[in-house]
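S.K.: missing the sequence, but the structure's below:
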């Protein structure tokens, strides 16, 4: 056995440990494993490198990437390019927070518990709900947990999931709940890209555990939450809203509209746009559903001397006590990401969050209007938009995105790339739209997200660049 | 909490439930022994009116500060009433387990099962042997 700098045991350590257990060689420890499945040759690894060489190689590899920060980005579809104030990194980099895993002797970690409690409070204020858990992995898994909860609560086996919910969330839900959670049915959208309420109502019945819509939905259209709440509650189903937390400074809280469960992705609050995550799922419920809420939950209390303190509470919900009857096996959370969200929210404050939302909405409306004025670009959504909107292009959306990268723009997310599952659930194409839509019917649809970071000059330059690509494509066709 | 008692007019089930027969109905609750073993009860999850309960199967859960325990049905029947006051005052189960701490009222669909329940003396012997 070769001892390297990455293996913490010296040869004498290894000899000593082998002697203690009465083995002659490390291989002797593996005699239980059948010979024919054991690897005989050494792993084909490169020779070791010095630290300096490793850093140089890592830099070379990283240089092949084009970071979003180096381009003017309109990427969205769930993950957004908001400004993260420096105070976020300053606070989350403190060793007390950065190195701590989920507290196993929780009441010793009053600081961590206090931040989680304050995060839960912020989520409740934003969503208009009674109880938030300590956070989840991402928006998709939070939605899957919501549907499992609804199934347990109502003892019903189906979820009516609007086609306006992020298609990747639907895939996560289908994967995570396969075998025991309620099965999703997905009624389609109407023209204008909002949920078709008649189709939704028709998909709801005695077996419906929950009705789910996203606000704003995947295409950026605003759903009528009160109307969907009525459809859900009339059938005795729960009403689940997937909500963008940044929008909640501007839009009415889903709790006010009658939501029983609100979940979503909170990366946009203080967290980086990392490929593959970590994301930040949030989940909040009404008081009635509190005992079915998965995950950790921090409560405020007083100690024997009357001093304010924090505890993990209602742990009898969790799988280490409730065993197979627990709603969920989730027993951890994304504490550091939740802390980043909390610091960002605190920095924004009561006035800052609505201001941020208004900035996004104004800039998005401006860009949408300018893009729709270009020849061949058509609206995909109706009504006001918040920060992101879908448009139809006279060419495949992926082609426009590719053409604009060299000009310094990430034009957005081609809807067809993430929405293969939309087949058959879309409204009929408006007249004059693409003649040759791909299998999903969305190949010419581009999702464009506009955060507060985008300047007027960037938006105008982007419109000019899009116009240039469209003109060139038009010339090629002529 | 009241003193340990096992009223003579009740029937008892081995899962530490009591039954009070009232015409075609039977009222269910848990015994002094059960509430003492569970400790301070903070939440009661009970079935809905119209649900079916089956002798020997779980029909609800009682949550104490440290654990959640199933409540097993001593008889088969249909739920006709649920003790709603336990939603806000679950501690009634501790304070008055044979009175205000009752759990559900069921319409018996297999009254013959009554014969398999214990009387107070038999239940007390059962507790001593356990």
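M.R.: Nice, I can see it. Worth saying up front: this structure is predicted, and the values here are computed from it rather than measured.

S.K.: Am I right that residue A:375 sits in a strand?
M.R.: No. Counting by DSSP: H, G, I helix; E, B strand; the rest coil, residue A:375 is not found in a strand; it is coil.

S.K.: Now the residue nearest to residue B:65 when sequence neighbours are not counted, what are its backbone angles?
M.R.: Leaving aside its sequence neighbours, residue B:65 sits nearest to residue B:40 (CB to CB, 6 or more residues apart in numbering or on different chains; 5.3 Å). Bear in mind the C-beta positions are built from the backbone N, C-alpha and C, glycine included. For residue B:40, the backbone dihedrals (degrees, to the nearest 10) come out as phi -60, psi 110.

S.K.: Also residue B:63?
M.R.: Phi and psi for residue B:63, reported as degrees, to the nearest 10, are phi -110, psi 120.

S.K.: Give me the spatial nearest neighbour of it, chain neighbours excluded.
M.R.: That would be residue B:43: by CB to CB, 6+ apart, it lies 4.0 Å from residue B:63.

S.K.: Checking the residue nearest in space to the middle of chain B next. Helix, strand or coil?
M.R.: Geometric centre of chain B, nearest residue: residue B:29, 2.2 Å, by CA atoms, centre = their mean. Three-state call for residue B:29 (three-state DSSP): strand.

S.K.: now do residue A:340
M.R.: Residue A:340 - assigned by three-state DSSP - is helix.

S.K.: I figured it was touching residue A:270, is that so?
M.R.: Yes. In this structure residue A:340 lies within contact range of residue A:270 using CB atoms under 8 Å: 3.7 Å.

S.K.: out of these two, which sits in the busier spot?
M.R.: Neighbour comparison, residue A:340 and residue A:270: the larger count goes to residue A:270, with 28 against 25 (by other CB atoms under 10 Å in any protein chain shown).

S.K.: thinking that one is in contact with residue A:87, fair?
M.R.: No. Residue A:270 is beyond contact range of residue A:87, at 9.4 Å (criterion: CB under 8 Å).

S.K.: Need the residues touching each of these two.
M.R.: Common contacts of residue A:270 and residue A:87 (CB atoms under 8 Å, 6 or more residues apart in numbering or on different chains): residue A:343.

S.K.: quick one: strands adjacent to the lengthiest strand in chain A?
M.R.: In chain A, assigned by DSSP state E, the strand with the most residues is strand A:208-215. Using DSSP bridges, the strands paired with strand A:208-215 are strand A:158-161 (parallel), strand A:238-243 (parallel).

S.K.: what element comes up after it heading to the C-terminus?
M.R.: Next helix or strand after strand A:208-215 toward the C-terminus (DSSP states H and E): helix A:225-234.

S.K.: quick one: residue A:52 is in a strand?
M.R.: No. The assignment for residue A:52, made by three-state DSSP, is helix rather than a strand.

S.K.: From residue A:58, how far out is it?
M.R.: The spacing between residue A:52 and residue A:58, counted by CB to CB, to the nearest Å, is 11 Å.

S.K.: same check, this time on residue A:37
M.R.: Taken as CB to CB, the span from residue A:37 to residue A:58 is 34 Å.

S.K.: more crowded one of the two?
M.R.: Between residue A:37 and residue A:58, counted using other CB under 10 Å, residue A:58 has the larger neighbour count: 10 against 6.

S.K.: Need the three-state assignment for the more buried one.
M.R.: Going by three-state DSSP, the state assigned to residue A:58 is helix.

S.K.: got the contact list for it?
M.R.: With CB under 8 Å, 6+ apart, residue A:58 has no contacts at all.

S.K.: Please tell me I have it right and residue A:333 contacts residue A:135.
M.R.: Yes. Between residue A:333 and residue A:135 there is a contact under CB under 8 Å: 4.3 Å.

S.K.: Mind giving me the packing neighbours of the lengthiest helix in chain B?
M.R.: As assigned by DSSP state H, the longest helix anywhere in chain B is helix B:120-129. Applying 3 or more CB pairs under 8 Å, 6 or more residues apart in numbering or on different chains; DSSP states H and E, one finds that helix B:120-129 contacts strand B:11-13.

S.K.: The closest residue to chain B within the stretch 151-300 of chain A: how many residues sit nearby?
M.R.: Of all residues in the stretch 151-300 of chain A, residue A:291 sits closest to chain B, at 6.4 Å by CB to the nearest CB. Around residue A:291 there are 20 other residues, counting by other CB under 10 Å.
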